[in-house]
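Engineer: for reference, the sequence and a predicted model appear below.
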Amino acid sequence: MPEDSIEHIDFDDLNDRAISQPLVNHIYTADPSAHYFNGKIYIYPSHDIDAGVPFDDLGSHFAMEDYHVISMDSITSEAVDNGVALHVQDVPWAEKQMWAPDAAHKNGKYYLFFPARNYEGRFQIGVAVGDSPTGPFSPQPKAIEGSYSIDPAVFEDEDGSYYMYFGGIWGGQLQKYRNNSYAETNELPIPEETALLPIVAKMTDDLLQFVETPKAVQILDADGNLFLEKDNDKRFFEAAWLHKYNGKYYFSYSTGDTHYICYAIGDNPYGPFTYRGRILNPVIGWTSHHSICEVEGKWYLFYHDSSLSKGVTHLRSVKVAEITYRSDGSIETLEPYRK
């Protein structure tokens, strides 16, 4: 929820009512991408800092500079900060704003995917490679060709194919693109027009490039229609994530300015996906960004809120809560704070 609505919140009480507590509290972490590699949990968050940059609707105050990898031996064990895995100064093409990352594993190598602003002021997505899930990671000299916007999420399908989902409006610049082409004059659709859609591209075998032209991911309502821009409690804003459960593909995402984590279900990685509901109701802090990970037969939502920083929107903390599937495959909505 917005900062201007939190002035009278009792944060001690709020934290007592929270369904989970921050996994680490010595640094601020957000946008967690969680993976279960080799019997251990690894979380790839963004690293929030107070950089003294003024607040604006483009997210300039989210001025993150590096990535730390958080690891856990089990879902109930202490979370360990493994230190800096990649810094913006190590990335030749990136100037600033190391926003929400993701990771993947293939053939003994680990891949860190990350967005950053290049020296022309546009977000692109890069990849860095390491021998350990905790890094350090060595970045490729250039961003992924054809990449743009923010929030990369890389899904490994059962046939060994990897797909990257990405995109985010407002500060994430997705509204500046149509058919993968940038124009400064492009803006958000008007309320009665079709909402912007997230993007997907299959990855090359070495996970360093796209093997195809990126394409839109359709999110449909129950009648098979695309959402309109005015449907901002259901339409995509940012934070794409894909996981597979009982043979179905679950595409989840943040609605941004309405603060929900929603999901839609489809039959293949490209969609279309049909909207099914909400996974998480609004948390303290403007943004909501998540991942979903299976650990030893149970499923968990990794997310963040700003309770530790008492509502400061750009100083967030990663949390985790178990999610429950109903018999029809739908997901029970989580309330982040008990009544």
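Structural biologist: The structure has been received and is ready for your questions.
Engineer: strands of the stretch 201-339 of the chain, start to end?
Structural biologist: Remark: strands assigned in the stretch 201-339 of the chain by DSSP state E, counting those that start in this stretch are 215-216, 219-220, 238-245, 248-254, 261-266, 273-280, 291-295, 298-305, 317-322.
Engineer: JSON lines please, covering the ones you listed and showing mean pLDDT.
Structural biologist: Converted to JSON lines, those look like this (pLDDT from 0 to 100):
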{"stretch": "strand 215-216", "mean pLDDT": "98"}
{"stretch": "strand 219-220", "mean pLDDT": "98"}
{"stretch": "strand 238-245", "mean pLDDT": "98"}
{"stretch": "strand 248-254", "mean pLDDT": "98"}
{"stretch": "strand 261-266", "mean pLDDT": "98"}
{"stretch": "strand 273-280", "mean pLDDT": "98"}
{"stretch": "strand 291-295", "mean pLDDT": "98"}
{"stretch": "strand 298-305", "mean pLDDT": "98"}
{"stretch": "strand 317-322", "mean pLDDT": "98"}
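Engineer: could you export the ones you listed as a markdown table, including distance to Leu196?
Structural biologist: C-beta coordinates here come from the backbone N, C-alpha and C atoms, glycine included. Shown next, in a markdown table, are the strands of the stretch 201-339 of the chain (distance: least, CB to CB, whole Å):
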| stretch | distance to Leu196 |
| --- | --- |
| strand 215-216 | 9 |
| strand 219-220 | 11 |
| strand 238-245 | 10 |
| strand 248-254 | 12 |
| strand 261-266 | 15 |
| strand 273-280 | 15 |
| strand 291-295 | 22 |
| strand 298-305 | 23 |
| strand 317-322 | 27 |
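Engineer: those: which one's closest to Tyr337?
Structural biologist: Closest approach to Tyr337 among the strands of the stretch 201-339 of the chain is made by strand 298-305 (8.9 Å; CB to CB).
Engineer: what helices or strands is the closest one leaning on?
Structural biologist: If you count contacts as 3 or more CB pairs under 8 Å, 6 or more residues apart in numbering; DSSP states H and E, strand 298-305 packs onto strand 28-37, strand 273-280, strand 291-295, strand 317-322.
Engineer: helix, strand or coil: sort out Asp16 for me.
Structural biologist: helix (DSSP: H, G, I helix; E, B strand; the rest coil).
Engineer: neighbours around it, how many?
Structural biologist: If you count neighbours by other CB atoms under 10 Å, Asp16 ends up with 11.
Engineer: OK, contacts around the residue positioned nearest the centre of the chain?
Structural biologist: Closest to where the C-alpha atoms of the chain average out (CA atoms, centre = their mean) is Ala239, at 3.7 Å. Residues counted as contacts of Ala239 (CB atoms under 8 Å, 6 or more residues apart in numbering) are Asp31, Ala100, Asp151, Gly168, Ser252, Tyr253, Ser254, Ile261, Ser288, His289, His290.
Engineer: go ahead and confirm the fourth one touches Leu174.
Structural biologist: To tie it back to what came earlier, the one meant is Gly168. Yes: with contact defined as CB atoms under 8 Å, Gly168 and Leu174 form a contacting pair (5.7 Å).
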